[in-house]
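J.: have a look; sequence and predicted model below, questions after that.
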Amino acid sequence: MKKVKVMSVIGTRPEGIKMVPVIKALQNDPMIESVFVNTGQHKDQLDQVLNLFSVTPDYDLGIMKNKPNLEQIIATILIELSKILDKEKPDIVLVHGDTATTLAGAQAAFFRQIPVGHVEAGLRTFEKYSPFPEEMNRQVVGKYTTLHFAATEANKRNLLAEMVKEDEIFVVGNTVIDALIDVSSKKLEIPPHIKSIIDSPYRTILLTTHRRENLEELNDVYKAVNHLIKEYNDIQIVFPIHKNPAVRSIVSSSLHKNSRIHLLEPLDYYVFSQVMNCSHFIITDSGGIQEEAPALKKPVLVARKSTERIEGVNAGTLKLVGTNTEAIIKESKKLLNDSSYYQSFFQNKNPYGDGKTSEKIVSVIKNYFSS
């Protein structure tokens with residue numbers, strides 16, 4: 001069997017966290033020639049992840065230099081990536097998840113009739129504007145894909161319902177568990193101001209919000225936080241704020257000033273994983289945290305109307321609360337007051353895998369080309 005040339009295309013921080021284990025597994029396999037393209041969609045934040053895991057891209061497109069809009073991002077990736085595809089002529093292109101990089105990467109490969117492997121395939125809410133634009137990105141990418149790497153059986157069922165052939169779907173778990181196991185084994189320094197926060201005697205509630213579709217309702221989430229910090233003297237809120245100016249404006253006008261509300265710049269992945277591990281529970285509208293937190297045995301209140309990680313809800317590791325102020329307060333108080341309710345979040349097996357997902361993906365790719 002000749003070497004298989006695999007091109008991995010990523011551009012955002014979440015993609016980096018979840019694809020670095022795959023890229024490392026590809027680079028370490030003697031039967032694989034790995035090419036790694038970074039579009040630079042989240043340049044600084046992704047560079048932190050790549051440095052943490054000691055991974056260097058072969059190509060860095062740097063697409064965000066002139067602050068492009070969404071349409072320009074996709075167009076630029078299509079144009080620049082097509083040049084690289086013509087030069088490298090990979091056997092397969094790997095994309096991850098549901099970003100603009102994912103969509104443009106899959107489309108560029110399709111235009112060259114190069115097979116696409118989609119990591120984290122089959123996530124669906126079946127509501128095209130929730131999350132926006134991610135839900136439609138991943139549905140469209142599914143149409144371009146040859147090898148669908150689904151995290152769970154529920155994701156597989158979604159793909160089967162869309163008439164994807166069963167022999168093109170591989171349930172492999174989620175690579176975020178691979179990344180979490182890797183990063184938790186590292187012993188790195190934590191910035192002193194963060195260490196003082198997580199070493200304090202307060203119970204920590206980790207808060208993250210950034211979804212576009214939630215912007216008009218974030219004020220309701222922050223009202224709940226204001227209520228909790230006032231009612232409970234033994235808690236603190238740790239809130240790494242997304243770079244989106246719209247989010248920051250709402251935070252500034254809605255969250256009360258309090259010494260136990262810690263507003264932070266975005267944290268690198270290692271530090272963030274340590275904050276997650278030290279938290280009592282998490283309020284988030286993030287997708288990745290819904291997968292990571294169960295591995296750390298941390299309850300998650302999902303501040304979204306719907307979630308594509310429905311297996312987490314079914315397993316009891318997640319609770320869907322939306323952005324309703326009263327619902328967030330009610331569930332938070334149960335987690336703060338009721339130890340048996342708190343423990344109920346960990347009674348079932350983590351639905352997202354065993355930390356060997358990257359190895360399984362590489363094996364599937366080799367088997368596909370050997371046959």
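T.: Thanks, I have the structure now. Numbers count the residues shown, from 1 in each chain.

J.: I'd guess Asn350 is in a strand, am I close?
T.: No: read with DSSP: H, G, I helix; E, B strand; the rest coil, Asn350 is coil and lies in no strand.

J.: got phi/psi on it?
T.: Main-chain dihedrals, Asn350, degrees, to the nearest 10: phi -60, psi 120.

J.: right, and it touches Glu292 too?
T.: No: distance between Asn350 and Glu292: 9.9 Å, which falls outside the contact criterion (C-beta atoms under 8 Å). No exception for glycine: its C-beta is placed from N, CA and C like everyone else's.

J.: give the residue from those two that has the larger number of neighbours.
T.: Glu292 (26 against 21; other C-beta atoms under 10 Å).

J.: next one, pLDDT for the more buried one please.
T.: Listed pLDDT for Glu292 reads 87.

J.: for it, helix, strand, or coil?
T.: Following three-state DSSP, Glu292 is assigned to helix.

J.: show me the contacts for it.
T.: Contact analysis of Glu292 by C-beta atoms under 8 Å, 6 or more residues apart in numbering lists 176-177, 180, 273, 276.

J.: any shared contact partners between Asn350 and Glu292?
T.: Contacts common to Asn350 and Glu292, judged by C-beta under 8 Å, 6+ apart, are Ile177.

J.: and the residue nearest the centre of the chain?
T.: Nearest to the mean C-alpha position of the chain, by C-alpha atoms, centre = their mean, lies Gly288 at 3.3 Å.

J.: that residue and Ile17 touch, don't they?
T.: Yes: Gly288 lies in contact with Ile17 (C-beta under 8 Å); the separation is 6.8 Å.

J.: shared neighbours, those two?
T.: Contact criterion C-beta under 8 Å, 6+ apart; residues shared by Gly288 and Ile17: Val176.

J.: that older thread, the contacts of Glu292 in helices, which ones?
T.: Members of the contacts of Glu292 lying in helices (criterion: DSSP state H): 176-177, 180, 273, 276.

J.: how about these in CSV, adding neighbour count and distance to Thr101?
T.: Shown next, in CSV, are the ones in helices among the contacts of Glu292 (neighbours: other C-beta atoms under 10 Å; distance: C-beta to C-beta, whole Å):
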residue, neighbour count, distance to Thr101
Val176, 26, 17
Ile177, 24, 22
Leu180, 25, 22
Ser273, 20, 23
Met276, 24, 25
